[in-house]
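Visitor: please find the sequence and the predicted model below.
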Amino acid sequence: MHVSYSSWFKHLVSLSDSLTHMVVTVAKTLTRSHRELSWREIYTLSPAQGGDKLAYRNRAGSAEPRMSETVKLIGIFSSPLVHRAEVALRLKGVPYEFIEEDLSNKSELLLQHNPIHKKVPVLLHGDRRPAICESLVIVQYVDEAFVQGPALLPADPHARATARFWARFIDEKCWRSAWMALWAEDGEARETAAREAKANLTLLETQLQGKRFFGGDRVGFLDVAAGGIAHWLGVFEEIAGVRLLGDDEHPALCRWASDYTADEAVRPCLPDREALLAAMATKKERYVSIARAMTRKRM
Amino acid sequence: MLSCSPTSTHHPHSTSSQHSHPQTQTDRHPSNAPTMASEKSSSDLTLLDFWVSPFGQRVRIALAEKSLPYEYVEEDLLAGKSERLLQSNPVHKKIPVLLHGGKPVNESLIIVQYLDEAFPDTPSLLPSDPYARAQARFWADYVDKKVYDCGSRLWKLKGEPQAQARAEMLEILKTLETELGDKEFFGGEHGFGFVDAAFAPFTPWFMSYEKYGEFKVAEVAPKIAAWAERVGKRESVAKSLYSPDKVYDFIGVLKKMYGIE
């Protein structure tokens, strides 16, 4: 019986591939903390576990991004929306280059890559064009494209819908009412908005339900979406001389804010508070005019 | 002033006798639609909705695309909000609300994504590739932020503010035209997708926008006009939408309620 060298070698290579795969899988399993299956894990379950039904989705699409593809984030250090994108990248362990933008003098780069809204954050991933815009769209993209990191959204569809709902609530209700409470010119309008803003924060707080983070044991999608409340709101409050988020009215949310800002992935993405205060104090006029425009648009 | 924000609209002020109750509508109403919508289903889905709401219609389109049976419950918003609605969406008190096994899901685009994820055996509206998904979410968000709000200003306002709304609407249509390009659907390779479902319910509103804004979609954005016609023939869309005339009449009812000339 003749066994050629090359076929033996191929056999050895394929064996070593399987072994490597096994080792990697075991390593990943060991390092994975006990938690609910991520959406991607559900994709790869065996047919008996119901995995096959979902497998077509992942098979059809996402080639895992090559590590050589550069990730660039266009943003400003002082924006809570840019923070969302940055934290998502850090949580997933994705290396990126941060390009600081000057919004008072928008660069060709920004105008080219976000012609529709002309805003930050903007994510450039390899040569994918157009770029990815809108903070929560970016966060979900980072969650789905970089499968090697922990999942930001929970696995359960209803829990995902709930997280998305409250993220929208933060943008449409929390920030809107807070903004009016901080910067509306009319005193009565400010007071009404303040009551609304505090009530909205209380509502958001209910979503913690005794957990450390909105995402459970670790920072997740809704925590990232709420990051602005944890670190930026206090600075705005200081400049405006208005108190909205407080230990007395929102004890759980305040405790969350301190846990969130202390998290090791989050901390490096937080601008220095003093620098933030200095930068934002100069923009008060602009904040007031935004509030004015919001009042006009209300129908 | 009543707010007309994205996920629903039309807080009741008084019962309007001029508002034609859905039960008197013609064959297009969901409760008269083929058994699909009226069966109490094994998928255990209930949709709280308002007949002419473009946001509710997105969900109806998605359910039809997926051939998912559901119970349709009309919330007569002009008459008042039911206990069930207030309990299912206590935060916003708005339709559409999807109840799945009794658990509520709110906000039209969130519901559509939920349906994709909870019923993975059915045709998906979002594509599978993360980058394509991001683009679809961006454009659905664009439609959400821009179309209804600008359209409302177009029929509510007069003079300079209306002229501004008109200019914005033209801008919006041209932007969407560029995004659609020569594709059959916004979904591109994926086919009829998330953005198509998000924008299709606004197509019957075009006639009203045209009348109030004094322009023609076919002239400003011919590809969008062609897409509207194509999409209107699609079964899931055709059975979920009402005619432009009915929408125009409904706007008339709202204007009377708001005391707008």
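Guide: All right, it came through fine. Numbers count the residues shown, from 1 in each chain, chains lettered A, B, ... in the order given.
Visitor: going forward, measure contacts and count neighbours with C-alpha atoms only.
Guide: Will do.
Visitor: by contact count, what packs against whichever strand or helix holds residue B:232?
Guide: According to DSSP states H and E, residue B:232 maps onto helix B:222-233. Using 3 or more C-alpha pairs under 8 Å, 6 or more residues apart in numbering or on different chains; DSSP states H and E, the elements in contact with helix B:222-233 are helix B:159-180, helix B:217-220.
Visitor: cutoff 10 Å now
Guide: helix B:159-180, helix B:194-199, helix B:217-220, helix B:235-238 (3 or more C-alpha pairs under 10 Å, 6 or more residues apart in numbering or on different chains; DSSP states H and E).
Visitor: ok, which of these comes nearest residue B:63?
Guide: helix B:235-238 (8.2 Å; C-alpha to C-alpha).
Visitor: how far does that closest one sit from its chain's centre?
Guide: How far helix B:235-238 lies from its chain's middle: 13 Å, per C-alpha atoms, centre = their mean, to the nearest Å.
Visitor: alpha carbons only: can I get whichever helix or strand comes after it in CSV?
Guide: Next helix or strand after helix B:235-238 toward the C-terminus (DSSP H and E): helix B:244-258. Taking Å, rounded to 0.1, in the frame of the first residue of the first chain, the C-alpha atoms of helix B:244-258 are listed here in CSV:
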residue,chain,number,x,y,z
PRO,B,244,-55.0,58.7,-1.7
ASP,B,245,-58.6,60.1,-1.7
LYS,B,246,-59.3,58.6,1.7
VAL,B,247,-56.1,60.0,3.1
TYR,B,248,-56.9,63.4,1.7
ASP,B,249,-60.4,63.3,3.3
PHE,B,250,-58.8,62.2,6.6
ILE,B,251,-56.5,65.2,6.5
GLY,B,252,-59.6,67.3,6.0
VAL,B,253,-61.1,65.8,9.1
LEU,B,254,-58.0,66.5,11.1
LYS,B,255,-57.9,70.1,9.9
LYS,B,256,-61.5,70.6,11.1
MET,B,257,-60.6,69.1,14.5
TYR,B,258,-57.6,71.4,14.8
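Visitor: list the buried residues in helix B:244-258.
Guide: For helix B:244-258, a neighbour-count test (16 or more other C-alpha atoms under 10 Å in any protein chain shown) marks B:244, B:246-248, B:250-254, B:257 as buried.
Visitor: what's the answer for stretch A:264-273, then?
Guide: For stretch A:264-273, by 16+ other C-alpha under 10 Å, it's A:265-266, A:269-271.
Visitor: quick one: terminal-to-terminal distance for that stretch?
Guide: 17 Å (C-alpha to C-alpha, to the nearest Å).
Visitor: that one: how far from the chain's middle?
Guide: 13 Å.
Visitor: what do you get for stretch B:75-87?
Guide: Per C-alpha atoms, centre = their mean, the centroid offset for stretch B:75-87 relative to its chain is 18 Å.
Visitor: who touches residue 190 in this structure?
Guide: Answering for chain A, as no chain was given. A:177-184, A:196, A:242 (C-alpha atoms under 10 Å, 6 or more residues apart in numbering or on different chains).
Visitor: chain B, not that one
Guide: So residue B:190 contacts B:124-128, B:132 (C-alpha under 10 Å, 6+ apart).
Visitor: nearest to residue A:115 among those?
Guide: For those, the nearest to residue A:115 is residue B:132 (18.4 Å; C-alpha to C-alpha).
Visitor: for whichever strand or helix holds the closest one, packing partners?
Guide: Secondary-structure assignment from DSSP H and E places residue B:132 in helix B:130-156. With contacts defined as 3+ C-alpha pairs under 10 Å, 6+ apart, helix B:130-156 has these neighbours: strand A:132-133, helix A:135-145, helix B:54-65, helix B:108-118, helix B:159-180, helix B:194-199, helix B:206-213, helix B:244-258.
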